[in-house]
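**Q** Predicted model and sequence follow; I will ask about them next.
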Amino acid sequence: MDKDQRTQFNRMVERSMDQASKNLSGTKGVVSVRLSQEEIDIIDQLVFLELAKNRSDATAMLIREGIRAHQSLLSEIQEYTAELERVKAKMQQSIRNSGLLTRLQSETGSEIKGKGEGTDETNEK
């Protein structure tokens, strides 16, 4: 590699590291994943090239890029998920209103709660 190519490569690495650093601000949690050896090799190459500080940063960078690349599909999934949550809440309310839940609780002696709610007795009509 000649001096010009090395300079260009170093600039690219610096830009990538700056972007990775910006991307990592606001990190919220840790997720463990199982990867194939081929996937690990790719992650290790990013670390070797100093495009990421470590495997965790490289993996996060690749995941973010995958999310960006499929944003329209993921937005559609979010819409469907929100609709399913509304249907689920409606079904839960119908079941509570029917009294079935109270009967099941009294038969089993257990307390079944909805998301963020107390016992069903307060929700019955």
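**A** Cool, the structure landed. Residues are numbered from 1 along each chain as shown.
**Q** In which helix or strand does residue 34 reside?
**A** Using DSSP states H and E, residue 34 is not contained in any helix or strand.
**Q** Phi and psi next, for it.
**A** When read as degrees, to the nearest 10, the backbone of residue 34 gives phi -100, psi 130.
**Q** And the helices in the chain?
**A** 3-24, 37-48, 55-69, 71-98, 100-108 (DSSP state H).
**Q** looking at those, which is closest to residue 31?
**A** Residue 31 lies closest to helix 55-69 among the helices of the chain, at 8.6 Å (C-beta to C-beta). (Each C-beta comes from the backbone N, C-alpha and C, glycine too.)
**Q** Now do that closest one: which elements does it pack against?
**A** helix 3-24, helix 37-48 (3 or more C-beta pairs under 8 Å, 6 or more residues apart in numbering; DSSP states H and E).
**Q** which stretch in those has the least confidence?
**A** Per-stretch mean pLDDT for these is lowest at helix 3-24 (a mean of 74).
**Q** Packing partners of the helix or strand bottoming out on mean pLDDT in the chain?
**A** The helix or strand of the chain with the lowest confidence, counting by mean pLDDT, DSSP states H and E, is helix 3-24 at a mean of 74. Contacts defined by 3+ C-beta pairs under 8 Å, 6+ apart place helix 3-24 against helix 55-69.
**Q** Just the buried residues of the helix it packs on, please?
**A** Residues of helix 55-69 classed as buried: 57-61 (neighbour count, 16 or more other C-beta atoms under 10 Å).
**Q** Could you export those residues as JSON lines, including distance to residue 99?
**A** Below are those laid out as JSON lines (distance: C-beta to C-beta, whole Å):
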{"residue": "57", "distance to residue 99": "54"}
{"residue": "58", "distance to residue 99": "54"}
{"residue": "59", "distance to residue 99": "49"}
{"residue": "60", "distance to residue 99": "48"}
{"residue": "61", "distance to residue 99": "53"}
